[in-house]
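Novice: Predicted model and sequence follow; I will ask about them next.
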Amino acid sequence: MKVGIDGVLLGAWVEIETANSILDIGTGTGLIALMLAQRSSAYIDAIDIDANAVLQAKENILNSPWQNRIAVHKIELQNYALTTPKRFDLIVSNPPYFINSTKAPAENRSAARHTDTLTHEELIDNAFTLLKPTGRMCIILPVDEGLSCIDYSASIGLHCSKQLVVFPKPGAVAKRLLLEFSLQFAQCVHSEMVIEGDVRHQYSSEFATLAKDYYLKL
């Protein structure tokens, strides 16, 4: 599985200063869990339903300096929420986002990108259950799906406290929303970011500053 820019954005954007316990839902290669371990002292549980992804995440974590603080589990979120006694300071997810669209030929790639096994409402409902009273959930989604999640979250008492609108290039249509939710109401902080300039792989200063700790070269 390749490292995607969505995961990098989320892992670099999330505020973790007050987080001692973190849950990474749909960990894939373990990218986000490793990024959060790199800049915190938190203990991290990472879950995924794909056996190959879990094996790859475990291998990546075993070869990292943070193996003692990250535990990877092959389990679906719905079962995890029912069986774990843990409650988390921070929940992160780069969730499936295609709804009612053509699926990729590879089953594992399809599961990673489609909402068949985890709808956004199920993600939010279970995160609500797993958060501590002062906890936060952070996700990245396409704009339309993200706006729908803001509305649904508000209906169950999970409030959007931060929103970063991501544009691929200057003048382009926004492609992603980075969202932070909290059980405690606060005025939502809005911001924007452009990833690249007019030349491909010529990254903006904002993106370079955000992600510089995770790239050998930007």
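Specialist: Nice, I can see it. Numbers count the residues shown, from 1 in each chain.

Novice: how close does the residue lying closest to residue 129 once chain neighbours are set aside get to residue 40?
Specialist: Once flanking residues are discounted, residue 129 sits nearest to residue 81: 5.2 Å by Cβ to Cβ, 6 or more residues apart in numbering. The way it works is simple: take the backbone N, C-alpha and C, and place the C-beta from them, glycine included. With distances taken as Cβ to Cβ, to the nearest Å, residue 81 is found 23 Å from residue 40.

Novice: how far out from the middle of the chain is the helix or strand residue 210 falls within?
Specialist: Assessed by DSSP states H and E, residue 210 sits inside helix 205-211. Computed by Cα atoms, centre = their mean, to the nearest Å, the chain-centroid distance of helix 205-211 equals 18 Å.

Novice: if we can go back for a sec, can you give me the neighbour number for the residue nearest to residue 129?
Specialist: 20 (other Cβ atoms under 10 Å).

Novice: for residue 173, same thing?
Specialist: 8.

Novice: where are the low-confidence patches of the chain?
Specialist: 1-3, 97-116, 216-218 (pLDDT under 70).

Novice: Need the contact partners of the longest strand seen in it.
Specialist: Counting residues, the longest strand found in the chain (DSSP state E) is strand 131-142. Outside strand 131-142, the residues within contact range by Cβ atoms under 8 Å, 6 or more residues apart in numbering are 6-7, 9-10, 13-15, 21, 87-95, 97, 120, 123-124, 127, 146, 149, 158, 161, 175-184.

Novice: Show me how to select, in ChimeraX, the buried members of those.
Specialist: A single ChimeraX command selects the buried members of the contacts of strand 131-142 (16 or more other Cβ atoms under 10 Å):
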select :6,7,9,10,13,14,21,88,89,90,91,92,93,94,95,97,120,123,124,127,146,149,158,161,176,177,178,179,180,181,182,183
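
Novice: That's all I had, so thanks and see you.
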